[in-house]
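K.L.:
curious how this folds, go ahead:
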Amino acid sequence: MRIGEIAGLVGVTARAVRHYHHIGLLPEPRRRANGYRDYSLRDAVLLARVRRLTELGLGLDEVRDVLADDAGRELVDVLEELDADLARQQEEIGARRERLGVLLEQARAGRLPVEGPVSPGLAELFGEMATASAALPGPEPAMAARDREVLALLETVVPEAEGARLLGSLREMARAPGAMERAYEVYARLDALADAPADDVRVEETARALAGLLPDDVVPHDLDGLDDGPDGGAFTGVFFADFSPAQAEVVRRALRIAAERAR
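P.N.:
Residues are numbered from 1 along each chain as shown. You can find the predicted model right below:
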């Protein structure tokens, strides 16, 4: 058989066969007088085995190990490892599909936040914010939308366990009677400071109102670098980037008040 014939018989491409020769996975067959490769039935059997092993998910190096072990022990080890890996992938895919199902349900009901996709827990918190916003006489404060963007960013960049703890605390805070209404009052106050300097007389009162909303376990223990502004690190830079001097001072002051309260 010529290379095209054996490739067609086994169901692979001639290019794949040449690659297997190049990496030493398949031995070179004898050549005809005209220089063309001449494949035998044994070559076809070996090529078919390579195809079956790669279809199972084995890499070419693993296939080479299997083919080199006549006793078959290597094949058992490799297949057991592959089976365990596929089981892990199946579990991960199942978890992703479960999350996707929640997102699809939210999207079909028109409840998927513009900041999404986010976790179901964060989406629920955003839904509670949307309910509070709908009760306002005017448009939603810009600071509320920015807060959601920051929370969506945090969910992506912080470790999963830390993110779950933070979200749990925020959701518990949001469930307290009147908490969401007070949060939107603070958002409106922050909006009113959009063009204000850091020494604006409203800063202290707004900071105390914000500190009253912050659960103790979401306040960072280490406030070093808080005064560094946009140059105080990657997240600090992003967090304060669009704040006016007064808004930034409100957040810094609120964190200090909350940290003192938690001691």
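K.L.:
quick test: name the residue nearest the centre of this structure.
P.N.:
Most central in the chain under CA atoms, centre = their mean is residue 156, positioned 5.4 Å from the mean C-alpha point.
K.L.:
next secondary structure after the longest helix that the chain contains?
P.N.:
Longest helix in the chain, counting residues (DSSP state H): helix 73-108. Next helix or strand after helix 73-108 toward the C-terminus (DSSP states H and E): helix 120-134.
K.L.:
what residues sit buried inside that following helix?
P.N.:
Judged by neighbour count using 16 or more other CB atoms under 10 Å, the buried positions of helix 120-134 are 122, 123, 124, 125, 126, 129, 132, 133. Where C-beta positions appear, they are placed from N, C-alpha and C, glycine not excepted.
K.L.:
what does stretch 19-27 give?
P.N.:
For stretch 19-27, a neighbour-count test (16+ other CB under 10 Å) marks 20, 25, 26 as buried.
K.L.:
distance to residue 40, secondary structure and pLDDT added to these, as CSV?
P.N.:
Output for the buried residues of stretch 19-27, formatted as CSV (distance: CB to CB, whole Å; DSSP: H, G, I helix; E, B strand; the rest coil; pLDDT from 0 to 100):
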residue, distance to residue 40, secondary structure, pLDDT
20, 16, helix, 94
25, 17, coil, 91
26, 12, coil, 92
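K.L.:
can I get those residues in TSV including distance to residue 160?
P.N.:
Listed next are these as TSV, based on distance: CB to CB, whole Å:
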residue	distance to residue 160
20	42
25	40
26	45
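K.L.:
let me see the mean pLDDT of the helix or strand encompassing residue 182.
P.N.:
Residue 182 is part of helix 179-192, with elements assigned from DSSP H and E. On average, the pLDDT along helix 179-192 is 94.
K.L.:
same check on stretch 80-92?
P.N.:
Averaged across stretch 80-92, the pLDDT comes to 83.
K.L.:
and for the helix holding residue 182, what's in contact with it?
P.N.:
128-129, 131-133, 135-136, 140-144, 147, 173-174, 202, 205-206, 209-210, 212-213, 247, 250 (CB atoms under 8 Å, 6 or more residues apart in numbering).
K.L.:
please, a PyMOL command that selects the buried ones among the residues you listed?
P.N.:
In PyMOL syntax, the buried subset of those is picked out as below (16+ other CB under 10 Å):
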select buried, resi 129+132+133+140+141+143+144+147+173+174+206+209+210+213+247+250
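K.L.:
inside helices: which ones of the contacts of helix 179-192?
P.N.:
Among those, the members found in helices (DSSP H) are 128-129, 131-133, 142-144, 147, 173-174, 202, 205-206, 209-210, 247, 250.
K.L.:
how's this structure carved up into domains?
P.N.:
As given by automatic domain parsing, the domain ranges for the chain are 3-68, 71-112, 113-262.
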